[in-house]
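A.B. asks: Here is my input, please return the structure:
(one chain, ligands or ions: 1)
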Amino acid sequence: MDLQLTHKKALVTGSTAGIGYAIAKLLAAEGAAVILNGRKQEDVAEVVAKIRQETGNDEVSGVAADFSKKEEVERLIAQVPEVDILINNVGIYEQVAFEDISDEEWFTLFEVNVMSGVRLARHYFPKMLHKNEGRIIFISSESGLNIPTEMVHYGMSKTAQLSVSRGLARLTKGTKVTVNAVLPGPTWSRANENALQAQAQQSGKSLDEVEQAFFEERRPTSLLQRFASAEEVAAMVAYVASPLSSATNGAALRVDGGIVNSII
Ligand code: NAD
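C.D. replies: Numbering: from 1, shown residues only. Have a look, this model is predicted:
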């Protein structure tokens, strides 16, 4: 299937690793002019070179910006004034007991996970409406619906993204612009790997045993009963970013391995 993404300009935030990296690579493989982002210039440059080499796409570039710093986001916007596709992927998460989450941590998660997408959309969305063309995709999470007890602040931020996404979609009425949210379930990433490895070391269990216990005890409703790969999530995102998805708007699309125990 041709996703018709050739030369479309796509900004993917937080894309030097994990789900963002897989999305950026797939869009580049489909011919899009992808702009990568991470916090450190040297990491961004390294991943730009890697994706260029792996996909043969020379239109891949990158901008370093830390989404916990408003002025760096403004600098990114100045460097990338217009895009056809905005993927609000950047997001941070850490397991913390509710009583131990400080005010600062609540605000940091809101700043990085929610305001990142708000600030970028505030700039790019009116331009998309003006051109009558564009795609905005928020990478939310099943945690926005199944609020995890071990990171309530993260659940809050992922629900907030759904609200912003749906609100913006309503503002596209009658245009060819779409705004959707994609909700991954547990997905294999550096952060998850680090957390599971630490648990394996503490308990003396193997990584496989810790993964199995995670699904049995913490995510029993998962139908997949394993972590998805970042590539499995990226496939959905690339389709939604493409012109082929023109009748999908204002949706919360689950790539959650069936973890959310409801039909809609
Ligand atoms: P990850 O930790 O593997 O990758 C994070 C990427 O974001 C890296 O490129 C990192 O450099 C960048 N980054 C982190 N903080 C940044 C900041 N302040 N400014 C700029 N870049 C920053 O993350 P992931 O697991 O791939 O998650 C990506 C998105 O998917 C997040 O929004 C997350 O909430 C969501 N998600 C992840 C999972 C999962 O299980 N991995 C499940 C559901 C949703």
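A.B. asks: How about the contacts made by A191?
C.D. replies: Applying CB atoms under 8 Å, 6 or more residues apart in numbering to A191 gives the contacts 18, 93-94. C-beta: built from backbone N, CA, C; applies to glycine.
A.B. asks: Could you tell me the per-residue confidence at it?
C.D. replies: Listed pLDDT for A191 reads 84.
A.B. asks: Would you double-check that it falls in a helix?
C.D. replies: Yes: A191 forms part of a helix when assessed by DSSP: H, G, I helix; E, B strand; the rest coil.
A.B. asks: quick check, E74 in a helix?
C.D. replies: Yes: secondary structure of E74 (three-state DSSP): part of a helix.
A.B. asks: where's it relative to the ligand, distance?
C.D. replies: E74 is 14 Å from the ligand, where distance means CB to the nearest ligand atom, to the nearest Å.
A.B. asks: now swap in V12 and tell me
C.D. replies: V12 is 9 Å from the ligand, by CB to the nearest ligand atom.
A.B. asks: which residues does that residue contact?
C.D. replies: 20, 23-24, 27, 34-37, 87, 89.
A.B. asks: returning to that earlier point: take the contacts of A191 and lay them out in TSV including secondary structure, neighbour count and distance to the ligand.
C.D. replies: Shown next, in TSV, are these (DSSP: H, G, I helix; E, B strand; the rest coil; neighbours: other CB atoms under 10 Å; distance: CB to the nearest ligand atom, whole Å):
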residue	secondary structure	neighbour count	distance to the ligand
G18	helix	21	2
Y93	coil	22	6
E94	coil	13	10
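A.B. asks: which two from the contacts of V12 end up farthest apart in space?
C.D. replies: Greatest spacing in the contacts of V12, by CB to CB: L27 and N37 (13.2 Å).
A.B. asks: the strands in the stretch 101-250 of the chain, which residues?
C.D. replies: Per DSSP state E, counting those that start in this stretch, the stretch 101-250 of the chain carries strands over the ranges 134-139, 177-184.
A.B. asks: Check the ones you listed for me and report the most buried one.
C.D. replies: Mean neighbour counts were taken over the strands of the stretch 101-250 of the chain using mean count of other CB atoms under 10 Å, and the top value, a mean of 27, falls to strand 134-139.
A.B. asks: Show residues contacting that strand.
C.D. replies: With CB under 8 Å, 6+ apart, strand 134-139 has contacts from 19-20, 83-89, 91, 117, 121, 124-125, 127-128, 161-162, 164-165, 168, 176-182, 184, 233, 237, 240-242, 245.
A.B. asks: Same question for stretch 68-83.
C.D. replies: Under CB under 8 Å, 6+ apart, the answer for stretch 68-83 is 9-11, 35, 37, 63-67, 108, 111-112, 115-116, 119-120, 123-124, 127, 134.
A.B. asks: Sort out for me which of those are in helices.
C.D. replies: 108, 116, 119-120, 123-124, 127 (DSSP state H).
A.B. asks: Show me which of the residues you listed are buried.
C.D. replies: Buried members of the ones in helices among the contacts of stretch 68-83, counted by 16 or more other CB atoms under 10 Å: 116, 119-120, 123-124.
A.B. asks: I'd assumed G257 was in contact with L224.
C.D. replies: Yes: applying CB atoms under 8 Å, one finds L224 in contact with G257, separated by 2.9 Å.
A.B. asks: who has more neighbours, the two?
C.D. replies: G257 (22 against 16; other CB atoms under 10 Å).
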